[in-house]
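Asks: Dropping a prediction and its sequence here:
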Amino acid sequence: GHATPTAPPAVLLSGGETTVTIGQAAPGRGGRNTEFLLSLALALRGLPGTFALAADTDGIDGTEDAAGAVIGPDLRARAAELGLDPQASLDAHDCWTLFQATGSLIRTGPTLTNVNDFRAVLVTGRAG
């Protein structure tokens, strides 16, 4: 590791709504938070000891029934076991379907409040 911005173990927190550009193709299912997480999972390439959560505080990511999802170093392998291609899911803006299949969605139900989108990345610095 690079120990940037701090040495592990560490939790990186952020809030605010991200932006997703869909383009001309009809999008699949999901919202900003699942899109962020699948993009992060691809960028991390299964980095050991790194986990993340992203969710909307109102309990709804986009128009779906989940607030968001969680990822770990094994997400790509779990998706592959199910015959799912994470990059294709991201390209099709169909992240909800992949997270649903891998059991990674966070379902809180409506919270009746909307403070912000919330992201947490845990970097343990350990494999396993």
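Replies: Happy to help now that I have it.
Asks: in the chain, which spans are helices?
Replies: 32-44, 75-81, 86-91, 95-101 (DSSP state H).
Asks: okay, which residue is most central for this protein?
Replies: residue 37 (2.1 Å; Cα atoms, centre = their mean).
Asks: My guess is that residue contacts residue 72. True?
Replies: No: the pair residue 37 / residue 72 is not scored as a contact, 10.6 Å apart, by Cβ atoms under 8 Å. For glycine as for every other residue, the C-beta is placed from the backbone atoms N, C-alpha and C.
Asks: for this structure, what are the low-confidence residue spans?
Replies: The chain contains residues with pLDDT under 70 at 1-4, 128.
Asks: Could you tell me how many residues sit around residue 11?
Replies: Neighbourhood size, residue 11 [other Cβ atoms under 10 Å]: 13.
Asks: One more: residue 15?
Replies: By other Cβ under 10 Å, neighbour count at residue 15 equals 11.
Asks: again with residue 116
Replies: Burial measure for residue 116: 12 neighbouring residues, criterion other Cβ under 10 Å.
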